[in-house]
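Participant: Got a predicted model here, sequence first, then my questions.
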Amino acid sequence: MDTTAVRINLRHLQAFSAVAVHGSVTRAAESLFRVASAITRAVAELEDSLGTPLFERKARGMLLNAFGEAVQARARRVEDEFAAACLELAPVEPLQRGANVSRLDARTLMAAMFSGRRLAVFAGLSEMQNMPAAARAFGITQPAVSTLVGELEARCGRELFVRSARGVTPTRAGLALAFRFKRALAELRSIDSDIAAIGGVVQGRVVVGALPLGRTLILPSAIAALVRQHPRLHVSTVESPYEALAAQLRSGDVDFILGALRPSGSETDLTQEALFDDRISLIARMGHPLAQRASIGFDDLRQAQWVLSRPGSPTRELLEQSFRESAQPAPVPTVETGDLAILRGLLLQSDMVTAISAHQLHYEIEAGTLAVLNHPLKRADRKIGITQRGGALASPGARALMAELRTVVDQSLPSH
């Protein structure tokens, strides 16, 4: 559980935002229909929980300092997620006939949730789909989880989970709400690291979606260099197919993805930055008969045994496209696998040939146990880079890691 996100009181954040906008506790209190003393106390408690003042108190009003400006940027984004949740829930049928759904707005929804912990519990329940498991994960009672869901359903006027003997299944409205809560949590998680970065310290947690090509050389080199410079930074990697990583990126569970970029325009809500161009190569063990050939023809390749990635994978599609360009039938593999360890083992222990980026087998090629065959493939290039959520405000740690990746590419791949 991320303590930064769950400990923040959303009501305190609302009060802070109102003061930041109006520059006055009195005007902020009027806009929120609360008494001034409650606003003053809320701001003070938020400052205390974050360990730093967020305003300069002056006779003419409350002015944000640098820390306050960083918190305000995150607070606005949290509010935007709640506003988006309200819009997405609007078309859904009410739980009860005649339920008043027009009152649901970002302010009242935030007030109903009132803490990052409640956001995390709801989002966790939508994934676990089991109340006892969610209660254990967050150290609370099962009735507390049930009460949270009931209160939120009453507030939204919609059914958010379907109960059954096997557990709970989120409805369409429940999934939409959990998605927005997870994105709000991602913003809350970054507040501490934003504040620390102003003081020159890069800390916090970075989660990278790692596609196959970056795992061998580029990402490990960047992470090693980064944690030497910033030992208080924690990096996690997630290894999944692109579609799963893209879903986690959209929900805020992943900060960015490193790997092969998708065709331009295919992901309109994501932004892509190319780092270098990669080429698929044919690779076999150093002692393979074809490894000694100065020239390799298609007849030679037809007689070889192949181990390839699964059908539909980017590498497989590039290989098949290259053979089509040469008016040749694509190789029929003896083995299909998406596991690099299995692929490596088969290449070293047999006369199989594969098609893969040489970067993924960099250390074996460098050590002389595997070799790139002398048969360049046509139209087998692809761009490798960073994918982020459109409009995302990356955490200081994520920005630092992306900068380190660019440095590694510039230094290790000078011909990119």
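Facilitator: Yep, that arrived.

Participant: wait, what's in contact with the residue nearest to Arg406 when sequence neighbours are not counted?
Facilitator: Spatial nearest neighbour of Arg406, excluding adjacent residues (Cβ to Cβ, 6 or more residues apart in numbering): Leu275 at 6.6 Å. Backbone N, C-alpha and C define where each C-beta goes, glycine included. Residues in contact with Leu275 (Cβ atoms under 8 Å, 6 or more residues apart in numbering) are Ile218, Ile384, Gly385, Ile386, Leu405, Arg406, Val409, His416.

Participant: Can you classify Leu275 as helix, strand or coil?
Facilitator: strand (DSSP: H, G, I helix; E, B strand; the rest coil).

Participant: Same check on the one 5 residues further on?
Facilitator: When the structure is split into helix, strand and coil by three-state DSSP, Ile280 lands in strand.

Participant: Tell me the spacing between it and Leu89.
Facilitator: Distance of Ile280 to Leu89, given as Cβ to Cβ, to the nearest Å: 46 Å.

Participant: Please report how far the residue nearest to Arg406 lies from Gly390.
Facilitator: Counting by Cβ to Cβ, the gap from Leu275 to Gly390 is 19 Å.

Participant: now swap in Leu301 and tell me
Facilitator: 42 Å.

Participant: Ok, Leu64 next?
Facilitator: According to Cβ to Cβ, Leu64 and Gly390 sit 27 Å apart.

Participant: What confidence value was assigned to Thr3?
Facilitator: pLDDT for Thr3: 61.

Participant: Show me where the stretch 101-250 of the chain dips below the pLDDT cut-off.
Facilitator: Within the stretch 101-250 of the chain, the stretches with pLDDT under 70 are 101-104.

Participant: all helices for it, in order.
Facilitator: Shown for the stretch 101-250 of the chain, the helices assigned by DSSP state H, counting those that start in this stretch span residues 106-113, 116-128, 131-138, 142-156, 172-198, 212-215, 218-229, 242-251.

Participant: of all those, which lies closest to Asp48?
Facilitator: Each of the helices of the stretch 101-250 of the chain has some distance to Asp48 by Cβ to Cβ; the shortest is helix 172-198, at 13.2 Å.

Participant: For the closest one, which helices and strands make contact with it?
Facilitator: Where contact means 3 or more Cβ pairs under 8 Å, 6 or more residues apart in numbering; DSSP states H and E, helix 172-198 is packed against helix 3-7, helix 36-50, helix 66-89, helix 116-128, helix 142-156, strand 204-210, helix 242-251, helix 396-412.

Participant: Take those and write them to a markdown table, including mean neighbour count and distance to Leu13.
Facilitator: Compiled in a markdown table, those are given as follows (neighbours: other Cβ atoms under 10 Å; distance: least, Cβ to Cβ, whole Å):
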| stretch | mean neighbour count | distance to Leu13 |
| --- | --- | --- |
| helix 3-7 | 17 | 11 |
| helix 36-50 | 17 | 7 |
| helix 66-89 | 19 | 5 |
| helix 116-128 | 22 | 9 |
| helix 142-156 | 16 | 18 |
| strand 204-210 | 23 | 18 |
| helix 242-251 | 17 | 20 |
| helix 396-412 | 19 | 20 |
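
Participant: got TSV for the ones you listed, with distance to Met352 too?
Facilitator: Shown next, in TSV, are the helices and strands packed on helix 172-198 (distance: least, Cβ to Cβ, whole Å):
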stretch	distance to Met352
helix 3-7	48
helix 36-50	57
helix 66-89	49
helix 116-128	40
helix 142-156	52
strand 204-210	26
helix 242-251	26
helix 396-412	28
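
Participant: who wins for proximity to Arg27 among those?
Facilitator: The nearest among these, by Cβ to Cβ, is helix 36-50 at 9.5 Å.
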